[in-house]
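S.K.: for reference, the sequence and a predicted model appear below.
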Amino acid sequence: MTGTVPAEQAVLELLGPHFPTPPARPEIGPGWRQLVIDCHRAVVAEFPDYELGAVKQKFAVLAFQASPRPWKQGGNRSSAESDRLRTIVETFAARSASICERCGAVGLRREGRRITLTLCYPCELAVPRDLRGR
């Protein structure tokens, strides 16, 4: 995953139309931006009108919280669609568990801060104990 890190603006432009108004800002470090773009592309390939609730780090893995389409009273998605979306999102969450959220290099789950993060060794040393990986 190392290489050129996509700009935050590029991620916002891709995801923005899928957030209810106003769009939320993804709460991830730069090392996961490409992973989020790849997850978005996989989801939009099957669910072009998907709705995004949040994109964040939770328990040191990517939490891409989405629905197959915008919510409607009375429901508008099948359990098969929800299961398929969950499978796609969980694939990317699993990948994030070994990618440094800060730089995109190979990372490990790092505890000892107020929040558990996935970081490589150099980022583990660089990220202050009281801060997140961004």
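M.R.: Looks like it came in fine.
S.K.: low-confidence ranges in the chain?
M.R.: Applying pLDDT under 70 to the chain flags the ranges 1-3, 73-75, 131-134.
S.K.: centre of the chain to the longest helix along it, how far?
M.R.: Counting by DSSP state H, the longest helix found in the chain is helix 79-96. Relative to its chain's centre, helix 79-96 lies at 12 Å (Cα atoms, centre = their mean, to the nearest Å).
S.K.: which helices and strands sit right next to that helix?
M.R.: helix 33-46, strand 61-67 (3 or more Cβ pairs under 8 Å, 6 or more residues apart in numbering; DSSP states H and E). Using the backbone N, CA and C atoms, a C-beta is placed for each residue, glycine as well.
S.K.: if you count neighbours, what's buried in that helix?
M.R.: 81, 85, 88, 89, 92, 93, 95, 96 (16 or more other Cβ atoms under 10 Å).
S.K.: what's the closest of those to residue 63?
M.R.: residue 93 (7.0 Å; Cβ to Cβ).
S.K.: put the alpha carbons of stretch 25-32 into CSV.
M.R.: The C-alpha trace of stretch 25-32 is given here as CSV (Å, rounded to 0.1, in the frame of the first residue of the first chain):
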residue,chain,number,x,y,z
ARG,A,25,-15.6,13.7,6.8
PRO,A,26,-13.9,10.3,6.9
GLU,A,27,-12.2,9.8,10.2
ILE,A,28,-9.2,7.8,9.0
GLY,A,29,-5.5,8.4,8.6
PRO,A,30,-3.8,9.0,5.2
GLY,A,31,-2.5,5.4,5.1
TRP,A,32,-6.0,4.1,4.7
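S.K.: hmm, who's touching the longest helix of the chain?
M.R.: 32, 35-36, 38-39, 42-43, 46-47, 50, 61-64, 66-68, 118 (Cβ atoms under 8 Å, 6 or more residues apart in numbering).
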